[in-house]
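In: Show me the folded form of this:
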Amino acid sequence: MKIWFRIHGFEPCSWTYVWENLRNAFDARDDVELYDLTPSMDGEDCIELWWGDPQFWSWSDMDVEHRVALVLSEARSILASGRERAIQNVAKADLVICPSRAATVAFEESPVDSPIVVAPFGVDSAEFSYTERDWVRKPFTFLHAGVTQFRKGSWMVPEAFIKAFGERDDVRLMVASPRSSPMFTRLNSEYGRHPQMDFVTDLKDSSYELYKQAHVYISPHLSEGFGLMIPEAMSTGMPCIVSRCSAPREFFSPDYGWWVEMSENYAPVTQCLPGTSGLWRLPSLESLANTMRLAYENRDECESIGKAASEYVAESLSWELTAQKICRHIKEILLEGNISNTPSIQRRETSAALSQEYRAIL
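Out: Predicted coordinates:
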């Protein structure tokens, strides 16, 4: 299988991080001949595979064998900026692959008729290796990392921390962001002098350095297309506290930490993604505070949960498995034509059968 693996830019970010790891996984396979740049041949037997923000894609004019789109979305509607261009580019693909079932929704509810399947992203367990922690060491540290923003539920973390702990509790909260986002600046201004909180932006090249400093990872997100930092933290032996919504529901469970239950309150998506329609359900602040307290009071359980989480990621969430599943989808659906077994096609066939049955009743 010849794969021309494309991305719209090489500036260091989450897009290029995924591209680099997946490219290495493709390159390690004996059944894949990988191209980063334009193939030297005419492209007739080449799979053109695009990853990244589809509004910036530019499919080649070469007569390639098949076109494949690797995409995600954190909202039910595709981002307002570049929406028309993004949908046009995804619709040109013969096959659409998403890293989670949750990420498929925006494309299944768009004018995209190609099969849509799932291949979960992975973790480099060598980079994010299991780390022995002193679980009785004080202070007990919670970590909330990634770009501090509304979608990540970042504003809830200091509030829940204050609700869960008092000055006599030997506990610490670290909020880490790769840049000083507007919400990071606001939270740092409001809580930065709190003696038990640290706000940091001078991050190292690898987030592994952050994970090593903490005991429990917190993700009270409103939505995730996948949520790479959760399994990364798990891989190092951290139990996690995770919102019971969107993509992490597909790879996280109480075996590896605690759920943050969802409230009955909703907020507009446009508050984080300008011009994008829809609502996100908010996590419960009380549930977040309670689970943080529960973790703090159960150190032995945290340690055993962390070990189980690390083992699970090593066995089930690797970039090698991601590459394997992508290659299998391409082979079975595009090269062998076994399209009827894909979830999106199955749903359409079920829908068509139900519609026909309904019309018969009428």
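In: Run through the residues that contact Trp258.
Out: Applying CB atoms under 8 Å, 6 or more residues apart in numbering to Trp258 gives the contacts 239-242, 291, 294-295. C-beta: built from backbone N, CA, C; applies to glycine.
In: That one - that's part of a helix, no?
Out: No: under DSSP: H, G, I helix; E, B strand; the rest coil, Trp258 sits outside any helix and is assigned strand.
In: And it, what's its pLDDT?
Out: For Trp258, the model assigns a pLDDT of 98.
In: and Glu224, how many neighbours?
Out: Residue crowding around Glu224 was assessed by other CB atoms under 10 Å; the count is 27.
In: from the contacts of Trp258, which would you call buried?
Out: The neighbour-count criterion (16 or more other CB atoms under 10 Å) marks 239-242, 291, 295 among these as buried.
In: now, which of these lie within strands?
Out: Counting by DSSP state E, the buried ones among the contacts of Trp258 place 240-242 in strands.
In: Any chance of TSV for the residues you listed, columns pLDDT?
Out: Listed next are these as TSV, based on pLDDT from 0 to 100:
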residue	pLDDT
Cys240	98
Ile241	98
Val242	98
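In: which of these lies closest to Pro54?
Out: Within these, distances to Pro54 taken as CB to CB reach their minimum at Val242, with 27.5 Å.
In: Now the most centrally placed residue in the chain: closest residue in space that isn't a chain neighbour?
Out: Computing the C-alpha centroid of the chain and ranking residues by CA atoms, centre = their mean puts Phe226 first, at 1.8 Å. Leaving aside its chain neighbours, Phe226 sits nearest to Pro99 (4.3 Å; criterion: CB to CB, 6 or more residues apart in numbering).
In: Next, the one you found: phi, psi?
Out: The main-chain torsion angles of Pro99 are listed as degrees, to the nearest 10 and equal phi -80, psi -10.
In: can you list contacts of stretch 272-289?
Out: Stretch 272-289 is contacted from outside by 74-81, 149-151, 153, 156-157, 159-161, 163-164, 218, 220-223, 241, 243, 245, 259-263, 265-270, using CB under 8 Å, 6+ apart.
In: Of those residues, grab the buried ones for ChimeraX.
Out: Per 16+ other CB under 10 Å, the buried members of these correspond to this ChimeraX selection:
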select :74,75,76,77,78,79,149,150,151,153,156,157,160,161,164,218,220,221,222,223,241,243,245,259,260,262,269
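In: quick one, domains of this structure?
Out: Here the chain is described, according to automatic domain parsing, as comprising the domains 2-122+319-353, 140-316.
In: For those, could you give me CSV that also reports distance to Arg133?
Out: Rendered in CSV, the data for the domains of the chain read as follows (distance: least, CB to CB, whole Å):
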stretch, distance to Arg133
domain 2-122+319-353, 23
domain 140-316, 6
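In: Compare those domains and report which one is nearest to Tyr130.
Out: Between Tyr130 and these, the tightest spacing by CB to CB is seen for domain 140-316, at 4.5 Å.
In: Could you give the separation of that closest one from the chain centroid?
Out: Once both centres are worked out by CA atoms, centre = their mean, to the nearest Å, domain 140-316 turns out to sit 14 Å from its chain's centre.
In: Now do the end-to-end distance for that domain.
Out: Start and end residues of domain 140-316 are separated by 29 Å (CA to CA, to the nearest Å).
In: List the buried residues of stretch 192-202.
Out: The neighbour-count criterion (16+ other CB under 10 Å) identifies 196-199 as the buried residues of stretch 192-202.
In: Ok, stretch 18-31 next?
Out: Within stretch 18-31, the residues that qualify as buried are 18-19, 21-23, 25-26, counting by 16+ other CB under 10 Å.
In: Contacts for that stretch next, please.
Out: Applying CB under 8 Å, 6+ apart, the set of residues contacting stretch 18-31 from outside is 1, 3, 5, 7, 32, 34, 36, 51-52, 121-122, 124, 228, 318-320, 322-324, 326-327.
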